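**Q** Here's a sequence, model it:
(one chain, ligands or ions: 1)
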Amino acid sequence: MSHQPHPHTHTPLAAPAAPTGPRGADTTAITGIARLVTNDPVLGEGPLGLIQDAAVVIEGDRIAWVGPSSAAPATDNRVDAQGRAVIPGFVDSHSHLVFAGDRTEEFNARMSGRPYSAGGIRTTVTATRAASRNVLHAGVGRYVAEARRQGTTTIEIKSGYGLTVDHEARSLEIAAAHTDETTYLGAHIVAPEFADRPDAYVELVTGPMLDACAPHARWIDVFCEQGAFDGDQARTILAAGAARGLIPRVHANQLSHGPGVQLAVELGAASADHCTHLTEKDIEALAGGSTVATLLPGAEFSTRAVYPDARRLLDAGVTVALSPDCNPGSSFTSSMPFCIAVAVRDMRMTPDEAVWAATAGGALALRRTDVGRITPGARADLVLLDAPSHVHLAYRPGVPLVAAVWQGGSLETGSLTAG
Ligand SMILES: [Zn+2]
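**A** Numbers count the residues shown, from 1 in each chain. So this is what the prediction gives:
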């Protein structure tokens, strides 16, 4: 029996109608997995919970069983991984996908050493406001699909290029059509109309804009940086969001030292993102709290900046996540494998640490326990690599190693033959 790709569906929960297994849902065993990353040290070796010659059973949209291939139970369907590796789907906790416009020339000038007087984020704000809902929606769909082809099965999406009540709410409605992990980032920059009245913009962000956006968002984020929002403004904005049930996350210490990281820890933020310029006190704060340090090496790569010191964070006991930070200005990549390769090569993470950060780390940064792992009960989000081991993600940079992606038990990308 051949197991060709299912027709693509946009509902990750869709399970085939027939045949059904003993407990009602269709069951599929993936056998012949050379190395399986479970991210559960109880199930296998080391922090990644590695199992050699493994099998995984999917039932409906969930993982039902994990163990040695030889012990795999009977199932409705069986596919053979043919000695390749399987890892959890990547969990991308930081993206800016609701945008329009093009900043190719800005990038080209930066990389060519030519001056370029562009508006930066403002350029994207102007184009995003002018774009139709359909154009924005199609763009998000395209980038989410692009990320999925590279193994990402959970993605957070921020607003932040609207900066008016209506445009921010529209951005979040569009994001919510593609993910449950939506973040209100009205405080990306001070809206151009408020350039000389930043405190009035903070009042808008914490007042009418928050009212319009909170129903569509799970998180609230602030760009805490010189030229964006200072520590006091960031605290006011995050507190207002928290009072409406939005959980804080912070763009912190990207371009310079500042109060962002310590504020994130103090407010119990799920994540402090970037963490490029850190003092000892910042690292102590992260190590002593529950806030994840989410590193976004695509931003340093695409701006020729110095990378965050992942080794220093990890050695201090800080929980680290990785994300591509996909956005049209400073990091126009949706590729988690690219970030893993850079993190290993240039940020001195081990391949195991980088793969963990891109899966389990991202899940912690989104406070999710049902993704970023391949364990019974978790969502059946898996990536089959065209490689015998997850280490190849760093060992073979730039090579498209993602052979198949299951999202909620449904094969979304790739094809397999029956075992
Ligand atoms: Zn960002």
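
**Q** Could you tell me which strand of the chain is the longest one?
**A** Determined from DSSP state E, the single longest strand within the chain is strand 77-88.

**Q** quick one: contacts of the host helix or strand of Val140?
**A** Using DSSP states H and E, Val140 maps to helix 133-149. For helix 133-149, contacts defined as CB atoms under 8 Å, 6 or more residues apart in numbering pick out 90, 92, 95, 97-100, 128, 155, 157, 170-171, 174-175, 177-179, 324, 326, 334-336, 402, 405, 407, 412-413. Where C-beta positions appear, they are placed from N, C-alpha and C, glycine not excepted.

**Q** where in the stretch 1-150 of the chain is pLDDT low?
**A** Judged by pLDDT under 70, the stretch 1-150 of the chain has its weakly predicted residues at 1-23, 118.

**Q** try it again with 80
**A** Applying pLDDT under 80 to the stretch 1-150 of the chain flags residues 1-24, 116-119.

**Q** residue ranges of the helices in it, please?
**A** 104-111, 121-130, 133-149 (DSSP state H, counting those that start in this stretch).

**Q** which one of the ones you listed is the most hemmed in?
**A** Most buried of the helices of the stretch 1-150 of the chain, by mean neighbour count (mean count of other CB atoms under 10 Å): helix 121-130, with a mean of 19.

**Q** Output that helix as CSV, restricted to C-alpha atoms.
**A** The C-alpha trace of helix 121-130 is given here as CSV (Å, rounded to 0.1, in the frame of the first residue of the first chain):
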residue,chain,number,x,y,z
ILE,A,121,10.1,49.9,10.7
ARG,A,122,8.1,53.0,9.6
THR,A,123,8.5,51.9,5.9
THR,A,124,6.7,48.7,6.8
VAL,A,125,4.1,50.5,8.9
THR,A,126,3.1,52.6,5.9
ALA,A,127,2.9,49.7,3.5
THR,A,128,1.0,47.5,6.1
ARG,A,129,-1.6,50.2,6.7
ALA,A,130,-2.1,50.6,3.0
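
**Q** What helices and strands are in contact with that helix?
**A** helix 165-176 (3 or more CB pairs under 8 Å, 6 or more residues apart in numbering; DSSP states H and E).

**Q** Turn the helices of the stretch 1-150 of the chain into JSON lines, including distance to Asp221.
**A** Conversion of the helices of the stretch 1-150 of the chain to JSON lines gives the following (distance: least, CB to CB, whole Å):
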{"stretch": "helix 104-111", "distance to Asp221": "23"}
{"stretch": "helix 121-130", "distance to Asp221": "14"}
{"stretch": "helix 133-149", "distance to Asp221": "17"}
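
**Q** Next, the angle helix 165-176 makes with the helix holding Val140.
**A** Using axes from the mean of the first three to the mean of the last three CA atoms, to 10 degrees, the inter-axis angle of helix 133-149 relative to helix 165-176 is 40 degrees.

**Q** after helix 133-149, next one along is what?
**A** Following helix 133-149 in sequence, per DSSP H and E, is strand 152-155.

**Q** quick one: buried residues of that following strand?
**A** Residues Thr152, Thr153, Thr154, Ile155 are the ones in strand 152-155 that count as buried (16 or more other CB atoms under 10 Å).

**Q** do stretch 25-43 as well
**A** Result for stretch 25-43 [16+ other CB under 10 Å]: buried residues 25-40, 43.

**Q** ok now do the residue nearest to Val320 when sequence neighbours are not counted, which residues does it touch?
**A** Nearest residue to Val320 in three dimensions, chain neighbours excluded: Ala357, at 4.9 Å (CB to CB, 6 or more residues apart in numbering). Ala357 is in contact with Leu295, Val320, Ala321, Leu322, Ala343, Met349, counting by CB under 8 Å, 6+ apart.

**Q** Let me have these in JSON lines, adding neighbour count as columns.
**A** As requested, the contacts of Ala357 are exported to JSON lines (neighbours: other CB atoms under 10 Å):
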{"residue": "Leu295", "neighbour count": "31"}
{"residue": "Val320", "neighbour count": "26"}
{"residue": "Ala321", "neighbour count": "28"}
{"residue": "Leu322", "neighbour count": "33"}
{"residue": "Ala343", "neighbour count": "26"}
{"residue": "Met349", "neighbour count": "25"}
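
**Q** Could you find the closest non-adjacent residue to Glu173?
**A** Per CB to CB, 6+ apart, closest to Glu173 is His216, 5.4 Å.

**Q** Now for that neighbour, how many residues are close by?
**A** His216 has 19 neighbouring residues, counting by other CB atoms under 10 Å.

**Q** Then Gly377?
**A** Gly377 has 10 neighbouring residues, counting by other CB under 10 Å.

**Q** My read is that it contacts Asp61, right?
**A** No. Look at Gly377 against Asp61 with CB atoms under 8 Å: they stay out of range, at 11.1 Å.

**Q** Would you check that Thr319 makes contact with Arg367?
**A** No. Counting by CB under 8 Å, Thr319 stays clear of Arg367, with 11.8 Å between them.

**Q** quick one: which of those two has more around it?
**A** Thr319 (21 against 15).

**Q** in the sheet, who's paired with the closest residue to the more buried one other than its chain neighbours?
**A** By the measure of CB to CB, 6+ apart, the closest residue to Thr319 outside its immediate chain neighbours is Val292, 4.8 Å from it. Assessed by DSSP bridges, Val292 has beta-bridge partners Ser271.

**Q** ok, Val292 touching Ser271?
**A** Yes. Using CB under 8 Å, Val292 and Ser271 qualify as a contacting pair, with a distance of 4.6 Å.

**Q** Can you pull the residues that touch both of these two?
**A** With CB under 8 Å, 6+ apart, Val292 and Ser271 have common neighbours Ser93, Ala321, Ala365.

**Q** The last one: what's it in contact with?
**A** So the one you mean is Ala365. Val91, Ser93, His94, Arg249, Ala270, Ser271, Val292, Thr294, Ala321, Ser323 are the contacts of Ala365 under CB under 8 Å, 6+ apart.

**Q** what about the last one, how many residues close to it?
**A** It stands for Ser323. Quick note: Ser323 (other CB under 10 Å) scores 30 neighbours.

**Q** on that earlier part again, which SS state does the residue nearest to Val320 fall under?
**A** Under DSSP: H, G, I helix; E, B strand; the rest coil, the three-state class of Ala357 is helix.
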